[in-house]
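In: could you work out the structure for the sequence below:
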Amino acid sequence: MATKNDKELGNRIQKLRKKTGLKQHELAEKVGVSAKYIQYIEAGTRQPSLKTLYKIAIALGVKVKDIFPF
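Out: Now for the predicted structure:
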């Protein structure tokens, strides 16, 4: 079950992705995961590992700490 923090993290990743102009499948390709997994992360139904979170931050051009909204 998704927690409030999972949903907030997903929303933050989605906002940053859209700000950079990337589509989910483009972010997924850069990170090395499936587009479905990015969809799950953004929906707050999956929690990325620290390694995946780091790769997402690099792909979005931000620091890991910038992804956390809380």
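
In: gap between the residue nearest the centre of the chain and residue 42?
Out: The centroid of the chain falls nearest to residue 13 when counting by C-alpha atoms, centre = their mean (4.0 Å). Distance of residue 13 to residue 42, computed by C-beta to C-beta, to the nearest Å: 6 Å. For every residue, glycine as well, the C-beta is placed using N, CA and C.

In: where exactly do the helices run in the chain?
Out: Ranges of helices in the chain, per DSSP state H, are 4-20, 24-31, 35-43, 50-60, 64-67.

In: contact partners of the shortest one?
Out: Read it as helix 64-67. The contact list for helix 64-67 (C-beta atoms under 8 Å, 6 or more residues apart in numbering) reads 9, 12-13, 16, 53-54, 56-57, 60.

In: now distance to residue 37 too, for those residues, in TSV please.
Out: Shown next, in TSV, are those (distance: C-beta to C-beta, whole Å):
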residue	distance to residue 37
9	14
12	17
13	12
16	16
53	12
54	15
56	11
57	16
60	15
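
In: return the member of these nearest to residue 47.
Out: residue 9 (7.8 Å; C-beta to C-beta).

In: could you tell me how many residues sit around the closest one?
Out: By the measure other C-beta atoms under 10 Å, the count of residues near residue 9 is 22.

In: wait, it sits on residue 52?
Out: No. In this structure, residue 9 is not within contact of residue 52 by C-beta atoms under 8 Å, at 11.8 Å.

In: what about the chain, any weak spots by pLDDT?
Out: In the predicted model, the chain carries pLDDT under 70 at residues 69-70.

In: switch to 80 and redo it
Out: Scanning the chain for pLDDT under 80 picks out 1-2, 69-70.

In: re the thing from before, so what's the residue nearest to the centre of the chain up against?
Out: 41-42, 56, 60, 67.

In: could you redo the last one with a cut-off of 10 Å?
Out: Applying C-beta atoms under 10 Å, 6 or more residues apart in numbering to residue 13 gives the contacts 27, 38, 41-42, 44, 48, 53, 56-57, 60, 62, 67, 69.

In: cool, residue 43 as well?
Out: 2, 6-7, 10-11, 14.
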